[in-house]
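Undergrad: coordinates only, no sequence provided:
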């Protein structure tokens, strides 16, 4: 029997780039799930950001894994990321004013990125993992913030926290603890280990 096909259940260009850079062959498809539903449910159940991120990652893997044109023996990677700061959860900003408000709140504070990754095969989640990155923003000036928003414009609306550390957003920070793949929302070392154990990549 050949190696199982790998499917990424995400439309994120950053996640696709990470997998491609690691030399993996894979297909991808954006998973459509009601993210607000899962976050509201997690809050109502008293769950933390880790649990919410894992629930979203699992839901996305299932959404793609149950598609009629996807083999039940394929390995579906589901991934999602939450941002929390002092008990508050953040979503991708809805517009530049929302981005401004988020960055004003995060300025001078340390927040956590909760990056969840799961594997789905043949009707069930067979592996799950959560990894964190600690992100400390510097106390940047209002003038810098306005210049940053003008420079990034709509690009920052596609990222939770309104920043891309692989772009100009790196200038917002004074300290970061965590590997790059976790920051970008797909913890690669644990994922590669799980794929090896499943026989999808060479051991």
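TA: Yes, it's here. Since the model is a prediction, treat every value here as computed from it, not as a measurement.
Undergrad: what segments of the protein are strands?
TA: Counting by DSSP state E, the chain has strands at residues 6-8, 27-28, 75-85, 88-90, 110-121, 124-137, 173-177.
Undergrad: now do the nearest residue to residue 26 once chain neighbours are set aside against residue 21, distance only.
TA: Leaving aside its chain neighbours, residue 26 sits nearest to residue 6 (4.1 Å; criterion: Cβ to Cβ, 6 or more residues apart in numbering). Any C-beta I mention is one placed from the backbone N, CA and C, and that applies to glycine too. Residue 6 is 15 Å from residue 21, where distance means Cβ to Cβ, to the nearest Å.
Undergrad: same check, this time on residue 41
TA: For residue 41 relative to residue 21 (Cβ to Cβ), the value is 34 Å.
Undergrad: just residue 122 next, same as before
TA: Look at residue 122 and residue 21: by Cβ to Cβ, they are 28 Å apart.
Undergrad: name the residues that touch the helix ranked longest in the chain?
TA: Longest helix in the chain, counting residues (DSSP state H): helix 49-65. For helix 49-65, the external contacting residues (Cβ atoms under 8 Å, 6 or more residues apart in numbering) are 7, 9-10, 29, 31-33, 35, 38-39, 41-43, 47, 70, 72, 74, 76-84, 89, 112, 114-121, 123, 125, 128, 130.
Undergrad: how about stretch 89-105?
TA: 35, 39, 43, 49, 52, 82-85, 88, 106, 111, 137, 145, 148-149, 153, 156-163, 172.
Undergrad: restricted to buried residues, select these in ChimeraX.
TA: To isolate the buried ones among these in ChimeraX, judged by 16 or more other Cβ atoms under 10 Å, type:
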select :35,39,49,52,82,83,84,85,106,111,137,145,148,149,156,159,160,161,162,163,172
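Undergrad: hmm, back to that, who has more neighbours, residue 6 and residue 21?
TA: Taking neighbours as other Cβ atoms under 10 Å, residue 6 and residue 21 compare with residue 6 leading, 20 against 10.
Undergrad: who's in contact with that one?
TA: 19, 24, 25, 26, 27, 74, 75, 77, 195, 200.
Undergrad: try it again with 6 Å
TA: 26, 75, 200 (Cβ atoms under 6 Å, 6 or more residues apart in numbering).
Undergrad: likewise residue 199?
TA: No contacts exist for residue 199 under Cβ under 6 Å, 6+ apart.
Undergrad: got a pLDDT number for it?
TA: For residue 199, the pLDDT comes out at 91.
Undergrad: measure how buried residue 97 is and give me the count.
TA: 10.
Undergrad: so what pLDDT did it get?
TA: pLDDT, residue 97: 96.
Undergrad: isn't residue 112 up against residue 84?
TA: Yes - using Cβ atoms under 6 Å, residue 112 is in contact with residue 84, at 5.2 Å.
Undergrad: ranking the strands of the chain by burial, who's on top?
TA: Greatest average neighbour count among the strands of the chain goes to strand 75-85 (a mean of 25), per mean count of other Cβ atoms under 10 Å.
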